[in-house]
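K.L.:
what follows is a predicted structure for the sequence shown.
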Amino acid sequence: MGLASDTPRLTCEKLQRQSCCASVDEDCEAVLRTIPSGLDRKEAELYSQLDPTQFPKHIAIIMDGNGRWAKRRHLPRVAGHRKGVEAVRLVVETAARINLPALTLYAFSAENFVRRPATEIHFLMKLLHRYLKNELPLMHRNNIRLQFIGRSQMLPQEVQERMAWAKEQTSHNTGMVLTLALNYGSRSEIVDAFKAMVHAAANNGGLEHLLKMDEETVNRHMYTSHLPELDLVIRTSGEMRLSNFLLWQAAYAEIYVTKLFWPDFNGFHLLESIQEFQKRERRYGGLNEPSPGSSN
Ligand code: FPP
(Lines give C-alpha, C1' and ligand atoms only; values in the text may rest on other atoms or scores of the structure.)
Protein backbone atom coordinates (compact mmCIF):
# COMPACT_ATOMS: atom_id res chain seq x y z
CA MET A 1 0.00 0.00 0.00
CA GLY A 2 1.62 3.27 -1.09
CA LEU A 3 0.43 5.55 1.64
CA ALA A 4 2.33 8.71 0.88
CA SER A 5 1.36 9.13 -2.76
CA ASP A 6 -2.41 8.99 -2.32
CA THR A 7 -2.64 10.87 1.00
CA PRO A 8 -5.27 13.60 0.76
CA ARG A 9 -3.52 16.90 1.34
CA LEU A 10 -5.85 19.15 3.23
CA THR A 11 -4.00 22.41 3.21
CA CYS A 12 -5.25 25.78 4.24
CA GLU A 13 -3.12 28.84 3.68
CA LYS A 14 -5.31 30.90 5.93
CA LEU A 15 -4.79 28.44 8.75
CA GLN A 16 -1.04 28.68 8.26
CA ARG A 17 -1.30 32.42 8.60
CA GLN A 18 -3.32 31.93 11.80
CA SER A 19 -6.25 33.88 10.38
CA CYS A 20 -8.40 30.95 9.41
CA CYS A 21 -11.51 32.14 11.16
CA ALA A 22 -11.48 35.70 9.83
CA SER A 23 -13.32 34.88 6.63
CA VAL A 24 -14.12 31.20 6.44
CA ASP A 25 -14.36 29.72 2.98
CA GLU A 26 -15.53 26.18 2.36
CA ASP A 27 -12.10 24.51 2.09
CA CYS A 28 -10.94 26.19 5.23
CA GLU A 29 -14.05 25.10 7.08
CA ALA A 30 -13.37 21.50 6.05
CA VAL A 31 -9.84 21.71 7.41
CA LEU A 32 -11.03 23.16 10.70
CA ARG A 33 -13.59 20.38 11.05
CA THR A 34 -10.92 17.70 10.69
CA ILE A 35 -8.30 19.24 12.97
CA PRO A 36 -8.79 18.32 16.62
CA SER A 37 -9.06 21.25 18.97
CA GLY A 38 -6.16 22.01 21.26
CA LEU A 39 -3.34 21.42 18.75
CA ASP A 40 -0.98 24.37 18.40
CA ARG A 41 -0.47 26.02 15.01
CA LYS A 42 2.52 23.88 13.97
CA GLU A 43 0.83 20.68 15.10
CA ALA A 44 -2.39 21.60 13.30
CA GLU A 45 -0.50 22.34 10.10
CA LEU A 46 1.26 18.98 10.21
CA TYR A 47 -1.90 17.15 11.25
CA SER A 48 -3.71 18.56 8.22
CA GLN A 49 -1.16 16.80 5.97
CA LEU A 50 -1.79 13.36 7.50
CA ASP A 51 -4.03 10.70 6.05
CA PRO A 52 -6.95 10.37 8.48
CA THR A 53 -7.57 6.78 7.35
CA GLN A 54 -4.03 5.59 8.17
CA PHE A 55 -3.46 6.54 11.77
CA PRO A 56 -1.68 4.07 14.05
CA LYS A 57 -3.86 2.63 16.79
CA HIS A 58 -1.10 1.94 19.26
CA ILE A 59 2.19 3.81 19.65
CA ALA A 60 4.86 2.86 22.18
CA ILE A 61 7.78 5.11 23.09
CA ILE A 62 11.24 4.33 24.49
CA MET A 63 11.93 7.63 26.23
CA ASP A 64 15.71 7.81 26.18
CA GLY A 65 18.30 10.54 26.62
CA ASN A 66 17.30 12.34 29.82
CA GLY A 67 20.80 11.93 31.24
CA ARG A 68 22.54 13.17 28.09
CA TRP A 69 20.14 16.10 27.81
CA ALA A 70 21.15 17.15 31.32
CA LYS A 71 24.87 16.52 30.77
CA ARG A 72 24.88 18.80 27.71
CA ARG A 73 23.62 21.55 29.97
CA HIS A 74 26.01 20.74 32.82
CA LEU A 75 23.04 19.79 34.96
CA PRO A 76 22.58 16.75 37.23
CA ARG A 77 20.90 13.72 35.60
CA VAL A 78 17.77 14.26 37.67
CA ALA A 79 17.21 17.61 35.91
CA GLY A 80 16.86 15.58 32.70
CA HIS A 81 14.24 13.34 34.31
CA ARG A 82 12.35 16.37 35.61
CA LYS A 83 12.33 17.90 32.13
CA GLY A 84 11.37 14.45 30.80
CA VAL A 85 8.12 14.65 32.74
CA GLU A 86 7.25 17.85 30.86
CA ALA A 87 7.83 16.03 27.58
CA VAL A 88 5.56 13.22 28.78
CA ARG A 89 2.85 15.80 29.46
CA LEU A 90 3.11 17.38 25.99
CA VAL A 91 3.16 14.07 24.14
CA VAL A 92 0.32 12.52 26.16
CA GLU A 93 -1.90 15.54 25.59
CA THR A 94 -1.27 15.68 21.84
CA ALA A 95 -1.79 11.91 21.54
CA ALA A 96 -5.12 12.19 23.35
CA ARG A 97 -6.18 15.20 21.25
CA ILE A 98 -5.65 13.31 18.01
CA ASN A 99 -7.67 10.40 19.44
CA LEU A 100 -4.87 7.88 19.44
CA PRO A 101 -6.47 4.77 21.00
CA ALA A 102 -3.36 3.62 22.90
CA LEU A 103 -0.03 5.11 23.98
CA THR A 104 2.51 3.04 25.93
CA LEU A 105 5.52 4.69 27.58
CA TYR A 106 8.65 2.87 28.75
CA ALA A 107 9.17 4.79 31.97
CA PHE A 108 11.49 2.43 33.90
CA SER A 109 12.92 -0.82 32.67
CA ALA A 110 13.58 -3.76 35.00
CA GLU A 111 17.26 -3.22 34.13
CA ASN A 112 17.09 0.48 35.12
CA PHE A 113 15.76 -0.67 38.42
CA VAL A 114 18.70 -2.86 39.35
CA ARG A 115 21.51 -1.03 37.54
CA ARG A 116 20.95 2.62 38.45
CA PRO A 117 22.32 4.19 41.65
CA ALA A 118 19.84 4.02 44.54
CA THR A 119 19.69 7.83 44.71
CA GLU A 120 18.52 8.05 41.08
CA ILE A 121 15.94 5.30 41.57
CA HIS A 122 14.69 7.06 44.68
CA PHE A 123 14.34 10.29 42.70
CA LEU A 124 12.51 8.55 39.85
CA MET A 125 10.10 6.91 42.30
CA LYS A 126 9.36 10.28 43.91
CA LEU A 127 8.84 11.80 40.46
CA LEU A 128 6.43 9.04 39.50
CA HIS A 129 4.55 9.27 42.79
CA ARG A 130 4.05 12.99 42.27
CA TYR A 131 3.28 12.60 38.55
CA LEU A 132 0.41 10.20 39.22
CA LYS A 133 -1.29 12.73 41.46
CA ASN A 134 -0.45 15.97 39.65
CA GLU A 135 -1.45 14.73 36.21
CA LEU A 136 -4.87 13.49 37.19
CA PRO A 137 -6.67 16.68 36.03
CA LEU A 138 -4.92 16.33 32.65
CA MET A 139 -6.04 12.68 32.46
CA HIS A 140 -9.64 13.65 33.13
CA ARG A 141 -9.56 16.69 30.85
CA ASN A 142 -8.41 14.44 28.02
CA ASN A 143 -10.56 11.43 28.96
CA ILE A 144 -7.47 9.24 29.44
CA ARG A 145 -7.55 5.82 31.13
CA LEU A 146 -4.35 4.90 32.93
CA GLN A 147 -2.91 1.38 32.98
CA PHE A 148 0.42 -0.14 34.02
CA ILE A 149 2.57 -3.00 32.83
CA GLY A 150 5.62 -4.51 34.54
CA ARG A 151 6.45 -6.20 37.80
CA SER A 152 4.93 -3.48 39.92
CA GLN A 153 4.99 -5.66 43.03
CA MET A 154 8.69 -4.80 43.32
CA LEU A 155 8.09 -1.02 43.41
CA PRO A 156 7.91 0.87 46.73
CA GLN A 157 4.63 0.32 48.58
CA GLU A 158 3.52 3.97 48.42
CA VAL A 159 4.13 4.02 44.65
CA GLN A 160 2.07 0.85 44.21
CA GLU A 161 -0.75 2.42 46.22
CA ARG A 162 -0.64 5.62 44.16
CA MET A 163 -0.68 3.54 40.96
CA ALA A 164 -3.76 1.62 42.10
CA TRP A 165 -5.42 4.91 43.05
CA ALA A 166 -4.66 6.62 39.72
CA LYS A 167 -5.82 3.58 37.79
CA GLU A 168 -9.07 3.49 39.72
CA GLN A 169 -9.64 7.25 39.40
CA THR A 170 -9.33 7.11 35.61
CA SER A 171 -11.08 3.77 35.11
CA HIS A 172 -14.29 5.42 33.86
CA ASN A 173 -12.58 7.49 31.19
CA THR A 174 -13.29 6.20 27.72
CA GLY A 175 -10.63 7.82 25.52
CA MET A 176 -6.96 6.96 25.03
CA VAL A 177 -5.43 4.19 27.13
CA LEU A 178 -2.13 5.45 28.53
CA THR A 179 -0.02 2.52 29.70
CA LEU A 180 3.11 3.18 31.75
CA ALA A 181 5.72 0.42 31.69
CA LEU A 182 7.29 0.39 35.16
CA ASN A 183 9.93 -2.11 36.21
CA TYR A 184 9.06 -3.65 32.86
CA GLY A 185 11.11 -6.18 30.90
CA SER A 186 9.83 -7.99 27.84
CA ARG A 187 11.55 -11.28 28.60
CA SER A 188 10.13 -11.37 32.12
CA GLU A 189 6.70 -10.56 30.65
CA ILE A 190 7.03 -13.61 28.39
CA VAL A 191 8.12 -15.74 31.38
CA ASP A 192 5.11 -14.47 33.37
CA ALA A 193 2.78 -15.23 30.44
CA PHE A 194 4.06 -18.81 30.22
CA LYS A 195 3.71 -19.29 33.97
CA ALA A 196 0.11 -18.02 33.76
CA MET A 197 -0.62 -20.43 30.89
CA VAL A 198 0.83 -23.37 32.83
CA HIS A 199 -1.35 -22.41 35.81
CA ALA A 200 -4.44 -22.17 33.59
CA ALA A 201 -3.60 -25.57 32.11
CA ALA A 202 -3.14 -27.13 35.56
CA ASN A 203 -6.75 -26.12 36.36
CA ASN A 204 -8.10 -27.17 32.96
CA GLY A 205 -6.95 -30.64 32.00
CA GLY A 206 -3.17 -30.28 32.13
CA LEU A 207 -0.93 -30.96 29.17
CA GLU A 208 -3.79 -31.42 26.67
CA HIS A 209 -4.92 -27.87 27.39
CA LEU A 210 -1.38 -26.51 27.11
CA LEU A 211 -0.84 -28.16 23.74
CA LYS A 212 -3.80 -26.25 22.30
CA MET A 213 -1.90 -23.01 22.88
CA ASP A 214 -1.58 -20.70 19.87
CA GLU A 215 -0.53 -17.08 19.28
CA GLU A 216 -3.91 -15.83 20.42
CA THR A 217 -3.52 -17.69 23.72
CA VAL A 218 -0.11 -16.12 24.30
CA ASN A 219 -1.50 -12.66 23.43
CA ARG A 220 -4.22 -13.08 26.02
CA HIS A 221 -1.64 -13.79 28.71
CA MET A 222 0.66 -10.87 27.91
CA TYR A 223 0.54 -7.73 30.10
CA THR A 224 -0.74 -5.90 27.00
CA SER A 225 -3.84 -8.03 26.42
CA HIS A 226 -5.94 -4.86 26.96
CA LEU A 227 -4.31 -3.06 24.03
CA PRO A 228 -4.66 -3.01 20.24
CA GLU A 229 -1.88 -4.40 18.03
CA LEU A 230 1.29 -2.33 18.32
CA ASP A 231 1.80 -0.25 15.15
CA LEU A 232 4.69 2.07 15.88
CA VAL A 233 7.65 2.10 18.29
CA ILE A 234 9.41 5.45 18.72
CA ARG A 235 12.84 5.69 20.31
CA THR A 236 14.50 8.96 21.18
CA SER A 237 18.22 9.76 21.42
CA GLY A 238 19.33 7.79 18.38
CA GLU A 239 19.99 4.27 19.68
CA MET A 240 18.82 1.52 17.32
CA ARG A 241 17.66 -1.01 19.90
CA LEU A 242 14.44 -2.25 21.46
CA SER A 243 16.09 -2.68 24.89
CA ASN A 244 13.83 -5.51 26.06
CA PHE A 245 10.67 -3.48 25.30
CA LEU A 246 7.54 -5.16 23.88
CA LEU A 247 9.54 -7.73 21.88
CA TRP A 248 6.53 -9.99 21.25
CA GLN A 249 4.20 -7.10 20.46
CA ALA A 250 6.63 -5.33 18.12
CA ALA A 251 6.67 -8.24 15.64
CA TYR A 252 5.07 -6.14 12.87
CA ALA A 253 5.49 -2.66 14.30
CA GLU A 254 7.28 0.10 12.43
CA ILE A 255 10.28 1.50 14.28
CA TYR A 256 11.04 5.22 14.24
CA VAL A 257 14.26 6.49 15.78
CA THR A 258 14.95 10.18 16.30
CA LYS A 259 18.21 11.72 17.52
CA LEU A 260 16.31 14.11 19.77
CA PHE A 261 16.75 13.51 23.48
CA TRP A 262 13.50 12.71 25.25
CA PRO A 263 13.21 16.08 27.08
CA ASP A 264 13.25 17.83 23.66
CA PHE A 265 10.50 15.63 22.19
CA ASN A 266 6.97 17.05 21.99
CA GLY A 267 3.58 16.68 20.32
CA PHE A 268 4.83 18.04 17.00
CA HIS A 269 7.54 15.35 16.94
CA LEU A 270 4.91 12.72 17.70
CA LEU A 271 3.00 13.88 14.62
CA GLU A 272 6.23 13.79 12.59
CA SER A 273 6.67 10.15 13.57
CA ILE A 274 3.11 9.44 12.43
CA GLN A 275 3.84 11.17 9.13
CA GLU A 276 6.87 8.90 8.69
CA PHE A 277 4.74 5.87 9.68
CA GLN A 278 2.28 6.75 6.93
CA LYS A 279 5.08 6.66 4.38
CA ARG A 280 6.08 3.12 5.26
CA GLU A 281 4.84 0.16 3.30
CA ARG A 282 3.59 -2.47 5.75
CA ARG A 283 3.46 -5.95 4.25
CA TYR A 284 3.29 -8.29 7.28
CA GLY A 285 5.34 -10.85 5.36
CA GLY A 286 2.99 -10.72 2.35
CA LEU A 287 3.29 -8.89 -0.95
CA ASN A 288 0.94 -5.95 -0.60
CA GLU A 289 -2.22 -5.50 1.50
CA PRO A 290 -1.70 -6.04 5.25
CA SER A 291 -3.50 -8.58 7.35
CA PRO A 292 -1.89 -8.93 10.80
CA GLY A 293 -2.06 -12.42 12.21
CA SER A 294 -3.32 -14.00 9.00
CA SER A 295 0.06 -15.52 8.14
CA ASN A 296 2.97 -16.60 10.31
C1 FPP B 1 16.03 7.35 29.98
O2 FPP B 1 16.98 8.35 30.07
C3 FPP B 1 14.92 7.65 30.82
C4 FPP B 1 14.59 6.96 31.96
C5 FPP B 1 15.36 5.83 32.48
C6 FPP B 1 13.48 7.35 32.78
C7 FPP B 1 12.30 7.86 32.02
C8 FPP B 1 11.60 8.74 32.91
C9 FPP B 1 10.99 9.87 32.55
C10 FPP B 1 10.82 10.32 31.18
C11 FPP B 1 10.42 10.73 33.57
C12 FPP B 1 9.45 10.05 34.46
C13 FPP B 1 8.29 9.51 33.74
C14 FPP B 1 7.08 9.44 34.26
C15 FPP B 1 5.97 8.85 33.50
C16 FPP B 1 6.81 9.97 35.58
P17 FPP B 1 18.42 7.97 30.58
O18 FPP B 1 18.51 8.38 32.00
O19 FPP B 1 18.69 6.54 30.32
O20 FPP B 1 19.26 8.90 29.66
P21 FPP B 1 20.74 8.62 29.14
O22 FPP B 1 20.67 7.38 28.28
O23 FPP B 1 21.05 9.86 28.35
O24 FPP B 1 21.61 8.45 30.34
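P.N.:
Cool, got the structure. Numbering: from 1, shown residues only.
K.L.:
now Gly84: which helix or strand?
P.N.:
helix 77-97 (DSSP states H and E).
K.L.:
how about that helix and the ligand, any contact?
P.N.:
Yes - interface with the ligand: helix 77-97 contributes His81, Gly84, Val85, Val88 (CB under 6 Å from any ligand atom). For the C-beta atoms, the positions are set from N, CA and C on the backbone; glycine is no exception.
K.L.:
same question, stretch 156-174
P.N.:
No - Stretch 156-174 lies out of reach of the ligand by CB under 6 Å from any ligand atom, never closer than 10.5 Å.
K.L.:
need the contact partners of that stretch.
P.N.:
By CB atoms under 8 Å, 6 or more residues apart in numbering, the residues outside stretch 156-174 that reach it are 125, 128-129, 132-133, 136, 139-140, 143-148, 152-153, 155, 182.
K.L.:
which of these fall in strands?
P.N.:
Arg145, Leu146, Gln147, Phe148, Leu182 (DSSP state E).
K.L.:
my guess is Thr94 contacts Pro36. True?
P.N.:
No - taking contacts as CB atoms under 8 Å, Thr94 lies outside contact range of Pro36: 9.1 Å.
K.L.:
the more surrounded of those two?
P.N.:
Taking neighbours as other CB atoms under 10 Å, Thr94 and Pro36 compare with Thr94 leading, 24 against 13.
K.L.:
how close does the residue nearest to that one when sequence neighbours are not counted get to the ligand?
P.N.:
Spatial nearest neighbour of Thr94, excluding adjacent residues (CB to CB, 6 or more residues apart in numbering): Gly267 at 2.7 Å. Note on Gly267: its distance to the ligand, by CB to the nearest ligand atom, to the nearest Å, is 15 Å.
K.L.:
then Arg241?
P.N.:
In this view, Arg241 and the ligand are 11 Å apart by CB to the nearest ligand atom.
K.L.:
now do the SS call for that residue.
P.N.:
With DSSP: H, G, I helix; E, B strand; the rest coil as the basis, Arg241 sits in coil.
K.L.:
neighbours around it, how many?
P.N.:
Neighbours of Arg241 using other CB under 10 Å come to 11.
K.L.:
what's the helix or strand for the closest residue to the ligand within the stretch 51-200 of the chain?
P.N.:
Nearest to the ligand, among the residues of the stretch 51-200 of the chain, is Gly67, at 2.5 Å (CB to the nearest ligand atom). Assigned by DSSP H and E, Gly67 belongs to helix 66-72.
K.L.:
got it, and Tyr106?
P.N.:
strand 102-109.
K.L.:
over to Trp165?
P.N.:
Secondary structure assignment for Trp165, by DSSP H and E: helix 157-169.
K.L.:
so Gly238 sits against Arg68, correct?
P.N.:
No - taking contacts as CB under 8 Å, Gly238 lies outside contact range of Arg68: 9.5 Å.
K.L.:
among these two, which residue is more densely surrounded?
P.N.:
With neighbours defined as other CB under 10 Å, Gly238 and Arg68 compare such that Arg68 has more, 16 against 13.
K.L.:
in three-state terms, label the spatially closest residue to Asn99 that is not a sequence neighbour for me.
P.N.:
Nearest residue to Asn99 in three dimensions, chain neighbours excluded: Pro36, at 6.8 Å (CB to CB, 6+ apart). Pro36 carries the three-state label coil when classified by three-state DSSP.
K.L.:
give the contact list for Pro36.
P.N.:
Tyr47, Arg97, Ile98, Asn99.
K.L.:
domains for this structure, by residue range?
P.N.:
Following automatic domain parsing, the chain resolves into domains at 1-49, 53-279.
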